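J.: heads up, no residue letters with this:
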């Protein structure tokens, strides 16, 4: 592996109290020595040899570009292998101004470091054996987590939940493969009599666990990326008021004039650990207004793409053919009927809605903020069976990992079929080996450079 010295800004490039510039590689200490001066009692700076300082110590001083002081900083010294990348590492904690961060980085580059590529620090941690590929991908997920649930799941994977499960499955396959090969090489000492039944039971269990992991991806993807949600209803039913209630701020214009919302308003909302990618759509009704009609057509398209439909109905006015049309569009879809304006005298109730649809009905008042807890619970039950994430549970969120699991599943099915048909054992070994290899690619034990590069190029520059 190339251990040349790299440097990058490891925090967001935006004004903040503190910013971090990270340097690592074979000459990280040499680079830091050139640009750092330790602050003395008199307030001046003096050069120190960073390589001679104890590991995991913090030093107070200045970062300099030649004779010019750039910033007053703290530097953290971490000697290999006790660092994130298992290489010599220096982290510079400076003031978080954009100009300051760039100047500190430029000083490190002038002193001999090169700019890090996206994800190169984590890539080096993987290549140096500190983390496996599934943990590396969890780092990216943790950084981009949109809610607490997604962050907890990413942290679980970072702590090794996926890695541990994959190792268990591979160990079972390896045990069977090794026994078959030993029996073929030394039939006098290893007998395959009755082994097909034992093999079938073992492979079937591995297949079940593999398919369970694949099945977890649907919830994992929703947990990570959010649920595409469309708010539907007639004009003036309270859709925009409900969006404002969900988002906690005045995201949409609310008036008493029907048809105020002409185009789709999009908002990303976190409710109780669930991210909803919400679209507030134009009210659906028959209209001669060309602009409003275009908005209504966009509303119908948004409904087609949505995973969840929130149908907002005004309980204070009678139902009409527009309500019936909307409920018909919600048929056979994940949908909730929110009977809004429960603070007013009701003209329609749950039983009126149930004459046309079997979707859950919840009484809400967008103006008073009531009913939101029940909406959150119902959505959780609808998509996650009432539980989002429990510690030690393995929920996959990564498409690459699921793709390899699907390959492993197909190989395991072939091996299971072969065992049932008593085909030659060496043929079954091929399928078991293919499954073993597919599982290995999930954690990076059998992965080529192109796949590794593709994983890390999605990372931010300083990670």
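T.: That came in fine, so what should we check first? Quick caveat: nothing in here was measured; it's all calculated off a predicted structure.
J.: can you count the residues close to residue 319?
T.: 18 (other C-beta atoms under 10 Å). Every C-beta, even on glycine, is put in place using the N, C-alpha and C of the backbone.
J.: Look up the pLDDT of it for me, please.
T.: Residue 319 is assigned 89 on the pLDDT scale.
J.: if I pick it, what's in contact with it?
T.: Contact partners of residue 319, counting by C-beta atoms under 8 Å, 6 or more residues apart in numbering, are 313, 348, 352.
J.: what is residue 337 paired to in the beta sheet?
T.: The partner list for residue 337 in beta bridges (DSSP bridges) reads residue 311, residue 361.
J.: wait, what's in contact with it?
T.: Shown in contact with residue 337 (C-beta under 8 Å, 6+ apart): 311, 313, 327, 353, 357, 359-362.
J.: Same question for residue 118.
T.: Applying C-beta under 8 Å, 6+ apart, the residues near residue 118 are 456-461.
J.: again with residue 93
T.: Listed by C-beta under 8 Å, 6+ apart, the contact set of residue 93 reads 18-20, 73-76.
J.: Now which of the residues you listed would you call buried?
T.: 19-20, 73, 75-76 (16 or more other C-beta atoms under 10 Å).
J.: so what's the backbone phi/psi at residue 270?
T.: Main-chain torsions, residue 270, degrees, to the nearest 10: phi -100, psi 120.
J.: how many neighbours does it have?
T.: Residues contacting residue 270 under the criterion other C-beta under 10 Å number 17.
J.: same question, residue 271
T.: Number of residues near residue 271 (other C-beta under 10 Å) recorded here: 17.
J.: rewinding a little: could you pick out the buried ones from the contacts of residue 118?
T.: 456, 459-460.
J.: Could you list which of these belong to helices?
T.: Taking DSSP state H, the ones among the buried ones among the contacts of residue 118 that sit in helices are residue 456.
J.: Need the buried ones among the contacts of residue 118 in CSV (columns: pLDDT).
T.: Below are the buried ones among the contacts of residue 118 laid out as CSV (pLDDT from 0 to 100):
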residue, pLDDT
456, 83
459, 76
460, 74
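J.: Closest to residue 320 out of the buried ones among the contacts of residue 118?
T.: When the buried ones among the contacts of residue 118 are ranked by distance to residue 320 (C-beta to C-beta), residue 460 comes first, at 51.5 Å.
J.: Touching, that closest one and residue 143? I think so.
T.: Yes - Residue 460 is within contact range of residue 143, at 6.8 Å (criterion: C-beta atoms under 8 Å).
J.: circling back: may I ask which of the contacts of residue 337 has the most neighbours?
T.: In terms of neighbours by other C-beta under 10 Å, those top out with residue 311 at 28 neighbours.
J.: just to revisit the earlier point, mind putting the buried ones among the contacts of residue 118 in TSV, distance to residue 446 included?
T.: Formatted as TSV, the buried ones among the contacts of residue 118 follow (distance: C-beta to C-beta, whole Å):
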residue	distance to residue 446
456	17
459	22
460	27
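J.: Helices - which of the contacts of residue 93 land there?
T.: The helices, defined by DSSP H, take in nothing from the contacts of residue 93.
J.: which helix is the longest one in the protein?
T.: If you go by DSSP H, the chain has its longest helix at helix 195-225.
J.: Which elements pack onto the next helix or strand after it?
T.: Downstream of helix 195-225, the first helix or strand assigned by DSSP states H and E is strand 227-233. Taking 3 or more C-beta pairs under 8 Å, 6 or more residues apart in numbering; DSSP states H and E as contact, the helices and strands that strand 227-233 lies on are helix 239-247, strand 274-280, helix 290-305, strand 308-314, helix 321-329.
J.: In the stretch 101-250 of the chain, where is pLDDT below threshold?
T.: For the stretch 101-250 of the chain, the stretches with pLDDT under 70 are 188-191, 249-250.
J.: now the strands for the chain?
T.: 6-9, 16-24, 36-39, 45-47, 57-65, 68-78, 89-96, 114-115, 227-233, 265-271, 274-280, 308-314, 335-340, 361-363 (DSSP state E).
J.: hang on, the earlier thing: turn the contacts of residue 93 into CSV, columns for pLDDT and distance to residue 413.
T.: Formatted as CSV, the contacts of residue 93 follow (pLDDT from 0 to 100; distance: C-beta to C-beta, whole Å):
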residue, pLDDT, distance to residue 413
18, 94, 53
19, 96, 52
20, 97, 49
73, 97, 58
74, 97, 57
75, 97, 55
76, 97, 51
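J.: Make a markdown table from those residues and add distance to residue 215 to it.
T.: Shown next, in a markdown table, are those (distance: C-beta to C-beta, whole Å):
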| residue | distance to residue 215 |
| --- | --- |
| 18 | 43 |
| 19 | 42 |
| 20 | 40 |
| 73 | 49 |
| 74 | 48 |
| 75 | 48 |
| 76 | 43 |
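J.: Which one of those is nearest to residue 223?
T.: Of all those, residue 223 sits closest to residue 20, with 28.9 Å by C-beta to C-beta.
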